[in-house]
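Colleague: after the sequence you'll find the predicted model.
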Amino acid sequence: MANKLIVETKNLTKVYDSTTAVDNLNLHIEEGDLFGFLGPNGAGKTTTILMLLGLTEPTSGSVNVAGYDSTREPLKVKSIAGYVPEKVGFYESLTASYNLAYIARLNNLPEDVVKKRVAETLEIVGLADKAEQPVGEFSKGMKQRLAFADILIKNPRVAILDEPTSGIDPEGINQLLDLIAKIAKERKMTVIMSSHQLHQVQRICNQIGIMVRGRLLVKGSPNQLGKDSLGGSQFKIELQLTEITQGIIDAINRVKDVISVDRMENRLLVGCSKDLRPQIARAIVEANGLLVEMKIQSYALEDIYLKYFKEA
Ligand SMILES: Nc1ncnc2c1ncn2[C@@H]1O[C@H](COP(=O)(O)OP(=O)(O)OP(=O)(O)O)[C@@H](O)[C@H]1O
Ligand SMILES: [Mg+2]
């Protein structure tokens, strides 16, 4: 059964001077979703987020978050939503715990619980040992985690994160994404997260929307989007062999659920709908092949993402 809608926009449009930043957007997000909002620079992601939060007015159309009209009732939306903007700002000379306590008070947390909640929240985001350090000394990744703490302290129904991973190193990105996913699950919190990077949203999101030039081109689960593209391939397994023979190619083609086998110089690219690494490895050995390396990637979605970008 479908969950309750927490975000619903109808023909939502925003025109700045001559630019249509958001063009007749009809977006549906269900409560509890981890929604990855993908798109290149200038696609309209931030503009959409600002309209969801009632921070900028639509030119036309409507936007509803948790049953509130964001344009008419922005304070209601603000009370249930947590927002991390593209550029996070703190009092840089003050400590992490001071910054967080300030946010807690702004959100009307009773004074007797502020201290405890600040300590707990810093612990959750892995900054407990940095609590008394000035935020100006924090790395980008630490600042993003503190920004996430800012919204956790409020315990919102919806967390809206505008490019939470920008400027962080790959390991820090994975840690932050895993943290977001864990908290979302524990608290049954809806997450809307914008990004340029497909693999980042694929890591945690159960729904992905791809926006280009103000329009939502596709929306669905990563699996569904993968299935709809490239004749059903969701995985590409890349093989390196000491030698490639027709016998080996035939043997791989005979493995059940293999969709395509393409040769690229000394490599083979196998398209399939499942992770068939064990079956493919066995087929190669049985065809007297010697496997040097085997890599798997869910390329198909990457392919449609790039394809849509080119077509837009
Ligand atoms: N305040 C503004 N005034 C005029 N044009 C704007 C304004 N804000 C955004 N735009 C334009 O609207 C379009 C969408 O911008 P937006 O910031 O929403 O994109 P984005 O998807 O968030 O991009 P990025 O990935 O770079 O953050 C762009 O063409 C941008 O130049
Ligand atoms: Mg943006």
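Modeller: Here it is on my side, so go on. Numbers count the residues shown, from 1 in each chain. Ligands and ions are numbered 1, 2, ... in the order given.
Colleague: what's the burial count for the closest residue to ligand 2 within the stretch 101-250 of the chain?
Modeller: Among the residues of the stretch 101-250 of the chain, Asp162 lies closest to ligand 2, at 5.9 Å counting by C-beta to the ion. To be clear about C-beta, it is placed using only N, CA and C from the backbone, and glycine gets the same treatment. Per other C-beta atoms under 10 Å, the neighbour tally for Asp162 reads 21.
Colleague: for the one 10 residues further on, same thing?
Modeller: Using other C-beta under 10 Å, Gly172 has 17 neighbouring residues.
Colleague: and if you look at the one 5 residues further on?
Modeller: Using other C-beta under 10 Å, Leu177 is surrounded by 22 other residues.
Colleague: now Leu122
Modeller: Neighbours around Leu122, by other C-beta under 10 Å: 22.
Colleague: tell me which element it falls in.
Modeller: helix 111-124 (DSSP states H and E).
Colleague: now that helix, how far from the centre of its chain.
Modeller: Computed by C-alpha atoms, centre = their mean, to the nearest Å, the chain-centroid distance of helix 111-124 equals 27 Å.
Colleague: that helix - contacts with which helices or strands?
Modeller: Packing contacts for helix 111-124, counted by 3 or more C-beta pairs under 8 Å, 6 or more residues apart in numbering; DSSP states H and E, involve helix 96-106, helix 140-152.
Colleague: and of those, who's closest to ligand 1?
Modeller: With C-beta to the nearest ligand atom as the measure, helix 140-152 is the member of the helices and strands packed on helix 111-124 nearest ligand 1 (15.4 Å).
Colleague: that closest one - what's its average pLDDT?
Modeller: For helix 140-152, the mean per-residue pLDDT is 94.
Colleague: elements contacting the following helix or strand past it?
Modeller: For helix 140-152, the following helix or strand on the C-terminal side (DSSP H and E) is strand 158-162. Applying 3+ C-beta pairs under 8 Å, 6+ apart, one finds that strand 158-162 contacts helix 45-52, strand 81-84, helix 140-152, helix 170-187, strand 190-195.
Colleague: and the stretch 1-150 of the chain, which residues reach ligand 1?
Modeller: 16, 19, 21, 39, 41-47 (C-beta under 6 Å from any ligand atom).
Colleague: can you name the residue of the chain nearest ligand 2?
Modeller: With C-beta to the ion as the measure, Thr46 is the residue of the chain nearest to ligand 2, at 3.1 Å.
Colleague: buried sites along stretch 158-168?
Modeller: Neighbour counts over stretch 158-168 (16 or more other C-beta atoms under 10 Å) mark 158-165, 168 as buried.
Colleague: before we move on, back to that, what does the helix holding Leu122 contact?
Modeller: Around helix 111-124, the neighbours that count as contacts under C-beta atoms under 8 Å, 6 or more residues apart in numbering are 96-97, 100-101, 104-105, 109, 128, 130-131, 149, 152-153, 179, 183.
Colleague: next: stretch 61-78.
Modeller: 6-13, 24-25, 51-55, 57-58, 80-81, 157-158.
Colleague: for that stretch, give the mean pLDDT please.
Modeller: 96.
Colleague: start and end of it, how far apart?
Modeller: When the termini of stretch 61-78 are compared using C-alpha to C-alpha, to the nearest Å, they are 20 Å apart.
Colleague: tell me which residues of it are tucked away?
Modeller: By 16+ other C-beta under 10 Å, the buried positions in stretch 61-78 come out as 61, 63-66, 68, 70-71, 74, 76-78.
Colleague: before we move on, what about stretch 82-98?
Modeller: 82-85, 88, 90, 95-98.
Colleague: can I get that stretch in PDB, CA atoms only?
Modeller: Only the C-alpha atoms of stretch 82-98 are listed here, as PDB (Å, rounded to 0.1, in the frame of the first residue of the first chain):
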ATOM      1  CA  GLY A  82      14.700  20.700   8.900                       C
ATOM      2  CA  TYR A  83      16.800  22.300   6.200                       C
ATOM      3  CA  VAL A  84      20.500  22.300   5.400                       C
ATOM      4  CA  PRO A  85      21.200  24.900   2.800                       C
ATOM      5  CA  GLU A  86      23.800  24.600   0.100                       C
ATOM      6  CA  LYS A  87      26.100  26.900   2.000                       C
ATOM      7  CA  VAL A  88      26.000  26.100   5.700                       C
ATOM      8  CA  GLY A  89      26.700  28.900   8.100                       C
ATOM      9  CA  PHE A  90      27.800  28.900  11.700                       C
ATOM     10  CA  TYR A  91      29.300  31.200  14.300                       C
ATOM     11  CA  GLU A  92      32.800  30.300  13.300                       C
ATOM     12  CA  SER A  93      34.500  31.600  16.500                       C
ATOM     13  CA  LEU A  94      32.100  29.800  18.800                       C
ATOM     14  CA  THR A  95      32.200  26.100  19.700                       C
ATOM     15  CA  ALA A  96      30.200  23.300  18.100                       C
ATOM     16  CA  SER A  97      28.100  22.800  21.300                       C
ATOM     17  CA  TYR A  98      27.400  26.600  21.500                       C
END
